[in-house]
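# need coordinates for the below:
(one chain, ligands or ions: 1)
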Amino acid sequence: MITIANEQLNEIREHGVRDHPYECCGLLLGRFSAEGKIVQETYPISNAREESAKRNRFLITPEELMRGERYARGRDLEVVGFYHSHPDCPAVPSQYDLEHAWPTYSYIIVSTTADEARDLFSWEQAGSVEIQSGRNPRNPRLKSQRVKLCQSQSQYRRR
Ligand SMILES: [Zn+2]
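As a prediction, this is how the structure comes out:
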């Protein structure tokens, strides 16, 4: 379960459109509570990185994660999840996304074009879909792995 306000969702959408055609990524900062995760801030991480990082898609380097965790601690928050964008591709977890998800965290994916954010999707490794919104919501069945896989990883382009 994740609780996140429209303000933070819009920050994620805007970050995704800003970084298009690249994937953006960032941290979800907040608190773990009995009712699930409560997101209070987003922590954008730039994707303007070197070739190896691009091949690793939205992989956040340990240094970036540590910097984000330090920032969160300073504000009495924790990292409760991650977000990234799928440029020109639906907000459906890729095989890579599924294989690299850690337990307990939430993962938000936003589909972007050059002009706008489209569908948005949040999920946990346990297979629960948390948020589905946008003009073109999908209904992937994470548990059965019958997910329509996103090929956005091959779509990195340099302008
Ligand atoms: Zn992805």
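# just confirm Ile12 is within a helix.
Yes. Using DSSP: H, G, I helix; E, B strand; the rest coil, the assignment for Ile12 is a helix.
# and Gly36, what does it touch?
For Gly36, the contact set (C-beta atoms under 8 Å, 6 or more residues apart in numbering) comprises 1-3. Glycine gets a C-beta too; all of them are placed from N, C-alpha and C.
# rerun at 6 Å
Residues counted as contacts of Gly36 (C-beta atoms under 6 Å, 6 or more residues apart in numbering) are 1-2.
# beta partners for it?
Bridge pairing for Gly36 (DSSP bridges) gives the partners Ser33.
# so where do the helices sit in the protein?
6-19, 51-55, 62-74, 95-99 (DSSP state H).
# mind listing what the residue in the chain that the ion sits nearest to touches?
Here the residue of the chain nearest the ion is Asp97; by C-beta to the ion that distance is 4.1 Å. Not one residue lies near Asp97 by C-beta under 6 Å, 6+ apart.
# any idea how far it lies from Pro62?
Plainly put, Asp97 is 19 Å away from Pro62 if you go by C-beta to C-beta, to the nearest Å.
# likewise Ile12?
In this view, Ile12 and Pro62 are 22 Å apart by C-beta to C-beta.
# of the two, who's got more company?
More neighbours surround Ile12 than the other of Ile12 and Pro62, with 26 against 8 (other C-beta atoms under 10 Å).
# so what's the more buried one closest to, chain neighbours aside?
Of all residues not flanking Ile12 in the chain, Tyr83 sits nearest, at 5.0 Å (C-beta to C-beta, 6 or more residues apart in numbering).
# likewise Trp102?
Among residues not flanking Trp102 along the chain, Gln125 sits closest, at 6.7 Å (C-beta to C-beta, 6+ apart).
# now do the contacts for the residue lying closest to Glu69 once chain neighbours are set aside.
The shortest distance from Glu69 to any non-neighbouring residue, by C-beta to C-beta, 6+ apart, is to Val79 (5.7 Å). Shown in contact with Val79 (C-beta under 6 Å, 6+ apart): 27, 69, 72.
# any idea of the pLDDT on Val79?
Looking at Val79, its pLDDT reads 96.
# quick one on the thing from earlier: make CSV out of the helices of the chain and add distance to Val39.
What follows is those, written out as CSV (distance: least, C-beta to C-beta, whole Å):
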stretch, distance to Val39
helix 6-19, 5
helix 51-55, 25
helix 62-74, 11
helix 95-99, 19
